[in-house]
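> Pasting a predicted model and its sequence here:
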Amino acid sequence: MSSIQVNVDGDVEELMKRLRTMENVDFKGVLNAVGEGLRTSTAERFERGEAPDGSAWKKSVRARDGGGKTLIDTAVLRNSINVRNGSAGVAVGTNDIRAATHQFGDSRTIRAKNGKRLTFQVGGRWRSVESVTIHIPARPFLGISDEDEQEIKETLEEAMAEAMEGVG
């Protein structure tokens, strides 16, 4: 599964430590709620075409020339985002083979398979070359935005409040 590990600190880390020690807290359930919130947020980023930091993705050629949105023509990547959680933490990611290419960007060189040269048409003219290098810009979709961090904190605070009500 492609994923990015993000360690939390400050208030969120302290809340998680406290919740782990409370016997009447379903910590796995709390982590599942956090993970589902992050999965939803990630899917929404695909609709907005933006990275976790709020910066816009560079439009794909298909989206630019044919309308539509970048990275959601078939929605396979967006729909592959999943949540895995356990007692120690939660992971949001995908097992889609293209995920890392889109998350980090990549350059690929294409060479002829059945001859010495590639032949293709560009702008009505035929071209013949030994190889072509394409550049795929990074379009980060996995990560925690400022809004995500606030939602995580609120989820943990809510779980803490519910646990405290159960104690008294």
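Right, received. Where do you want to start? Residues are numbered from 1 along each chain as shown.
> neighbours of residue 93, just the number please.
21 (other CB atoms under 10 Å). Backbone N, C-alpha and C define where each C-beta goes, glycine included.
> what's the model's confidence in the strand or helix carrying it, averaged?
Per DSSP states H and E: residue 93 is located in strand 90-94. The average pLDDT for strand 90-94 rounds to 93.
> Kindly report the same for stretch 155-163.
On average, stretch 155-163 scores 84.
> Mind jotting down where the strands sit in this protein?
2-3, 82-85, 90-94, 106-111, 118-122, 125-129, 131-136 (DSSP state E).
> Tell me which other helices or strands the third one touches.
Pointing back at strand 90-94 there. strand 2-3, helix 27-48, strand 82-85 (3 or more CB pairs under 8 Å, 6 or more residues apart in numbering; DSSP states H and E).
> I'd like the ones you listed written out as CSV, with distance to residue 13 added.
Listed next are these as CSV, based on distance: least, CB to CB, whole Å:
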stretch, distance to residue 13
strand 2-3, 19
helix 27-48, 13
strand 82-85, 17
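> So which of these is nearest residue 151?
Of all those, it is helix 27-48 that lies closest to residue 151, at 5.3 Å by CB to CB.
> about what we covered before: the strand holding residue 93: how far from the chain's middle?
8 Å (CA atoms, centre = their mean, to the nearest Å).
> was I right about residue 102 contacting residue 94?
No: distance between residue 102 and residue 94: 9.8 Å, which falls outside the contact criterion (CB atoms under 8 Å).
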